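Visitor: here is my input; please provide its structure:
(4 chains)
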Protein chains: 2
Amino acid sequence: MVETHQPDDCSIQRTLDAIGDRWTLLILRDLFRGVRRFSMIQADLGIARNLLADRLSSLADEGVVKKVPYQDRPPRHEYHLTAKGRALSPALVALMRWGDDYYTDGGAPTELVHDQCQTRLELQPWCTSCNSPVDPTHIRSAPGAGRVLRTTETEDV
Amino acid sequence: MVETHQPDDCSIQRTLDAIGDRWTLLILRDLFRGVRRFSMIQADLGIARNLLADRLSSLADEGVVKKVPYQDRPPRHEYHLTAKGRALSPALVALMRWGDDYYTDGGAPTELVHDQCQTRLELQPWCTSCNSPVDPTHIRSAPGAGRVLRTTETEDV
DNA sequence: AGGGATGGTTGCAAATCTAAACCCACCCGC
DNA sequence: GCGGGTGGGTTTAGATTTGCAACCATCCCT
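Guide: This next block holds a predicted model:
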């Protein structure tokens, strides 16, 4: 495991320590899609079996997935997302949208749309207090001044 | 490089191929924070110099960052995010929020807030057509039926 | 001429990944 | 009551990637 210099101040760091592995996010994608069984995931991703076993048990240790038996003899189970795992949905949606925007060579891949008007969804920073979307220029960081995603910078040079 | 079985239908896959490396997302975080120079990033992350050089040039190849000279003799430059790179902001914010929610052991780490009211930001699915937020239960997938993040699934088992 | 800052490249040992073989419990058909 | 297939792994050996340290190059300063 990578020992990082500042494991303290950044949630992105901790998040990536937990799920930032190349395969892990793809495994989570499959779980979101409803692909839940070892051999299904393995076939879908083409991941080596030992790595899949390893990643799944790490995810279980993290409380992101849990084993759920679906039959007794022989004991068989599926991997389901926990609430914590399902909370990754916005992150995966955001990554997917980025890929949609920049890598759609040819046919558009899967899209997420608003079912009432079939419009493609964006992810918008939202202020629950003002109950309104927040423009990037009004995003600021709170406690650890300086150690923050400065999304407000506009210079593209 | 990992040769995947279905490079075709999933933007998450393509996105991760481009920026899904363990270090790459941390490098991007630093760039968002305004840490733009080779040795600054290197000192901040503790990444090996050869890997940093490699990852930065990959990011440049992908068009996510670009080299911007800040002096001529000796030629020195910084790495700046392009529009494509800045478009990753929602993804990084989402990952950060997840870490905030599940790994804040003790003091709250950096938060992103609305500068006008200091309220912590959420990421909300947003319909640009209705110009309103979209409830998860109204999220649907569009073309490749079945191959989708089913964010609406409620079964936690 | 010597020293320091910046931005790398090179070489080698250590960790990680892949592929393929193997294991085990069970079920099914015969 | 044996052969084959399925599901979910573990083991082992070989190829790749990483991490670390040392080295190189350019310029500036004194």
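Visitor: pLDDT below threshold where in chain A?
Guide: A:1-9, A:105-110, A:136-137, A:140-157 (pLDDT under 70).
Visitor: can you do 90?
Guide: Chain A contains residues with pLDDT under 90 at A:1-14, A:22, A:32-34, A:70-75, A:86, A:89-90, A:93, A:96-97, A:99-101, A:103-157.
Visitor: report how many residues lie close to the residue in it that DNA strand C sits nearest to.
Guide: Nearest residue of chain A to DNA strand C: residue A:74, at 3.5 Å (Cβ to the nearest atom of the strand). Bear in mind the C-beta positions are built from the backbone N, C-alpha and C, glycine included. When neighbours are counted by other Cβ atoms under 10 Å in any protein chain shown, residue A:74 registers 5.
Visitor: and it, which of the three is it?
Guide: Taking DSSP: H, G, I helix; E, B strand; the rest coil as the rule, one finds residue A:74 in the coil state.
Visitor: and it, how far from chain B?
Guide: 20 Å (Cβ to the nearest Cβ, to the nearest Å).
Visitor: is it true that residue A:15 touches residue B:99?
Guide: Yes - proximity of residue A:15 to residue B:99 meets the contact threshold set by Cβ atoms under 8 Å, at 3.7 Å.
Visitor: returning to that earlier point: tell me the spacing between the residue of chain A closest to DNA strand C and residue A:20.
Guide: 34 Å (Cβ to Cβ, to the nearest Å).
Visitor: before we move on, what about residue A:27?
Guide: Applying Cβ to Cβ to residue A:27 and residue A:20 gives a distance of 12 Å.
Visitor: list the residues that contact the most centrally placed residue in chain A.
Guide: The centroid of chain A falls nearest to residue A:92 when counting by Cα atoms, centre = their mean (3.7 Å). Residue A:92 makes contacts with A:25, A:28, A:29, A:32, B:12, B:149, as judged by Cβ atoms under 8 Å, 6 or more residues apart in numbering or on different chains.
Visitor: which SS state does the fifth one fall under?
Guide: Of the three states, residue B:12 takes helix according to three-state DSSP.
Visitor: that one and residue A:26 touch, don't they?
Guide: Yes - with contact defined as Cβ under 8 Å, residue B:12 reaches residue A:26; the gap is 7.1 Å.
Visitor: so those two - more neighbours on which side?
Guide: Neighbours per residue (other Cβ under 10 Å) separate residue B:12 from residue A:26, with residue B:12 holding more: 27 against 23.
Visitor: distance of that one relative to residue B:104?
Guide: For residue B:12 relative to residue B:104 (Cβ to Cβ), the value is 26 Å.
Visitor: before we move on, what about residue A:23?
Guide: Between residue A:23 and residue B:104 the computed distance is 26 Å (Cβ to Cβ).
Visitor: more crowded one of the two?
Guide: Applying other Cβ under 10 Å to residue A:23 and residue B:104 shows that residue A:23 carries more neighbours, namely 18 against 13.
Visitor: could you pull up the residues touching the more buried one?
Guide: Here residue A:23 is in contact with A:45, A:47, A:51, A:52, A:55 (criterion: Cβ under 8 Å, 6+ apart).
Visitor: does stretch A:21-29 come close to DNA strand D?
Guide: No - Stretch A:21-29 is not in contact with DNA strand D by Cβ under 7 Å from any atom of the strand; minimum separation 8.3 Å.
Visitor: closest to residue A:132 out of the contacts of residue A:92?
Guide: For the contacts of residue A:92, the residue nearest residue A:132 by Cβ to Cβ is residue B:149; the value is 25.9 Å.
Visitor: quick check: which element contains the residue nearest to the centre of chain A?
Guide: Here residue A:92, judged by DSSP states H and E, is contained in helix A:89-103.
Visitor: could you do residue A:59 as well?
Guide: Per DSSP H and E: residue A:59 is located in helix A:49-62.
Visitor: close to chain B, is that helix?
Guide: No - residues of helix A:49-62 contacting chain B under Cβ under 8 Å from any Cβ of the partner chain: none, with a closest distance of 8.6 Å.
Visitor: and if you look at stretch A:25-36?
Guide: Yes - using Cβ under 8 Å from any Cβ, stretch A:25-36 reaches chain B at A:25, A:26, A:29, A:32, A:33, A:34.
Visitor: flag every buried residue along that stretch.
Guide: The neighbour-count check on stretch A:25-36 (16 or more other Cβ atoms under 10 Å in any protein chain shown) flags A:25, A:26, A:27, A:28, A:29, A:30, A:31, A:32, A:33, A:35, A:36 as buried.
Visitor: quick one: that stretch near DNA strand C?
Guide: No - applying Cβ under 7 Å from any atom of the strand, one finds stretch A:25-36 separated from DNA strand C by no less than 10.6 Å.
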